[in-house]
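[1] Below is the sequence, then the predicted model.
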Amino acid sequence: MVPATIRPAPPSREVIAAVRSPLITLFLVVLGWPLAVLLVLAGYTGVRDWLRAEYPSPPPPAAARPALQHPGYRPITEQALARYAALPAGEREQLRRVLQAHLLPAAEWLSRLDRSGFQVLCLGEDHAEPTRRYLARELMPRLRYQRLLLEATPQELARVRQKVASGRSYFPLLGADVAAILREAAARDPAVAVAGIEETGLQREQRRAGSASRRRDDAIVENFDSRFRPGERHLVLLGAFHCSATPGWLFHTLRTRPEPPAGSGLLSLRIVEAQAEGPVEAFVGFVRAIGVPSRDFVVADLPPPLRDWFPLLRQTTLERFDALLVFQQEASPSAPPQR
């Protein structure tokens with residue numbers, strides 16, 4: 001007779017519980033503390049990002065910069081200087097005088113502009129701190145205007161204005177301070193209307209769901225039209241392309257309409273720091289080398305033969321804007337004009 005196989009009895013619940021409890025404890029010790037660390041770090045990161053968004057700090061002071069920011073464009077300057085040196089002495093002096101007459105001091109040009117009949121001035125900027133400082137300290141105090149239109153949605157602008165009204169001395173819009181600009185507008189006249197004309201989220205959704213030919217600037221044009229008031233002066237501060245005579249962008253669309261909103265009083269101005277762009281830096285280097293004063297100046301066109309000596313500046317800027325304002329990185333210390 002074969003004996004029956006003896007099977008061990010299954011472990012009792014007490015034994016299973018006694019084994020499981022240490023395993024759970026070990027799991028929590030081995031894997032739980034990294035999870036806790038991750039949660040703490042995530043919370044810290046979230047708080048840090050919130051603080052940065054709610055209480056942004058201005059960038060640190062710029063370190064000393066090299067004499068040339070765009071050395072690749074230096075050959076343009078050198079070739080122009082060589083051509084200039086090859087001219088007879090009398091022609092060199094005549095060209096220097098003609099060029100100086102084309103480079104109007106910025107303060108003088110702005111004063112003339114303020115006495116003109118412009119209704120819309122599209123200020124093409126590069127969203128940089130030096131440009132915003134120059135606008136607030138030097139350009140805007142020299143012009144009379146009733147409306148200021150910015151590259152922001154109404155919701156974005158409302159948030160920025162609330163922060164500035166609460167006493168913030170610095171608050172960025174598109175990566176650069178806009179608080180000083182808003183304070184300047186309020187100081188000029190509390191009745192100045194400030195509005196955002198950027199494409200809204202709803203407009204963006206409608207554009208993406210609609211015609212493929214519709215562009216972001218089509219919405220900006222619509223928003224501009226809703227804020228435009230005939231007979232009033234408008235400063236429109238946007239990225240440079242929006243203010244250029246390039247098809248599809250705001251300024252080109254406004255100017256090429258059968259009936260432009262401001263008629264002949266529609267102007268575009270490119271504002272750029274002297275070393276911010278290679279073509280501008282190359283031209284400024286030439287101007288300084290031949291002894292033409294050039295701290296802050298405005299140029300609408302170049303006399304011959306300089307048009308051919310600086311083709312990039314002509315093609316990228318002078319042919320796309322009514323005028324180019326070039327300024328030094330730090331605004332001049334002169335007091336702003338009386339209001």
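    Cool, the structure landed. Residues are numbered from 1 along each chain as shown.
[2] ok, the closest residue to residue 149 other than its chain neighbours - contacts?
    The shortest distance from residue 149 to any non-neighbouring residue, by C-beta to C-beta, 6 or more residues apart in numbering, is to residue 236 (4.6 Å). Backbone N, C-alpha and C define where each C-beta goes, glycine included. Counting by C-beta atoms under 8 Å, 6 or more residues apart in numbering, residue 236 makes contact with 120, 121, 122, 123, 149, 197, 224, 243, 250.
[3] Show me which of these is closest to residue 216.
    The closest of the contacts of residue 236 to residue 216 turns out to be residue 250 (C-beta to C-beta; 9.6 Å).
[4] sec struct for the residue lying closest to the closest one once chain neighbours are set aside, please.
    What sits nearest to residue 250 in space, not counting adjacent residues and going by C-beta to C-beta, 6+ apart, is residue 242, at 4.5 Å. Counting by DSSP: H, G, I helix; E, B strand; the rest coil, the backbone at residue 242 sits in helix.
[5] Please apply the same query to residue 229.
    coil.
[6] Can you get me a residue count around it?
    12 (other C-beta atoms under 10 Å).
[7] Got phi/psi on the nearest residue to it once chain neighbours are set aside?
    Setting aside the residues directly before and after it, residue 229 is nearest to residue 147 in space (C-beta to C-beta, 6+ apart), at 6.5 Å. The phi/psi pair for residue 147 (degrees, to the nearest 10) reads phi -140, psi 140.
[8] Cross-check the contact I'm expecting between residue 147 and residue 196.
    No. Between residue 147 and residue 196 there is no contact under C-beta atoms under 8 Å: 12.0 Å.
[9] now the helices for the stretch 151-300 of the chain?
    Counting by DSSP state H, counting those that start in this stretch, the stretch 151-300 of the chain has helices at residues 154-165, 179-188, 201-209, 216-227, 250-255, 278-289.
[10] what's across from residue 271 in the sheet?
    Counting by DSSP bridges, residue 271 forms beta bridges with residue 325.
[11] how near is it to residue 131?
    Counting by C-beta to C-beta, to the nearest Å, the gap from residue 271 to residue 131 is 6 Å.
[12] next one: residue 279
    Taking C-beta to C-beta, one finds residue 279 at 17 Å from residue 131.
[13] quick one, which of those two is more surrounded?
    Neighbour count, other C-beta under 10 Å: between residue 279 and residue 131, residue 131 has more, with 24 against 20.
[14] Ramachandran coordinates for the residue lying closest to that one once chain neighbours are set aside?
    In this structure, residue 131 finds its nearest non-sequential neighbour in residue 125, 4.8 Å apart by C-beta to C-beta, 6+ apart. Backbone torsions of residue 125, given as degrees, to the nearest 10, read phi -120, psi -180.
[15] Quick check, pLDDT for residue 125.
    What the model reports as pLDDT for residue 125 is 98.
[16] so who does the most centrally placed residue in the chain touch?
    In the chain, the centroid-proximal residue (C-alpha atoms, centre = their mean) is residue 127; its distance is 1.6 Å. By C-beta under 8 Å, 6+ apart, the contact list for residue 127 reads 174, 175, 176, 239.
[17] Name the residues of stretch 278-296 that are buried.
    Within stretch 278-296, the residues scored as buried using 16 or more other C-beta atoms under 10 Å are 278-287, 290, 292, 294, 296.
[18] correction: stretch 88-100
    Neighbour counts over stretch 88-100 (16+ other C-beta under 10 Å) mark 95, 99, 100 as buried.
[19] on that earlier part again, tally up the residues packed near the residue nearest to residue 229, please.
    For residue 147, using other C-beta under 10 Å, the count is 19.
[20] sorry, back to before: mind listing the shared neighbours of residue 271 and residue 131?
    Going by C-beta under 8 Å, 6+ apart, residues that sit against residue 271 and also against residue 131 are residue 125.
[21] Wait, a helix at residue 58?
    No. Counting by three-state DSSP, residue 58 is not part of a helix but coil.
[22] That one against residue 168, yeah?
    No. In this structure residue 58 lies outside contact range of residue 168 using C-beta under 8 Å: 10.7 Å.
[23] I'd like to know how far the residue nearest to residue 252 when sequence neighbours are not counted sits from residue 239.
    Sequence neighbours aside, residue 245 is the residue nearest to residue 252 in space, at 5.1 Å (criterion: C-beta to C-beta, 6+ apart). As judged by C-beta to C-beta, residue 245 and residue 239 stand 15 Å apart.
[24] And residue 257, by the same measure?
    Residue 257 is 21 Å from residue 239, by C-beta to C-beta.
[25] Looking at the two, which is more packed in?
    More crowded of residue 257 and residue 239, by other C-beta under 10 Å: residue 239, with 15 against 11.
[26] Show the contacting residues for the more buried one.
    124, 125, 126, 127, 151, 174.
[27] for residue 283, what are its contacts?
    77, 310, 313.
[28] how close does the second one sit to residue 318?
    Using C-beta to C-beta, residue 310 is found at 9 Å from residue 318.
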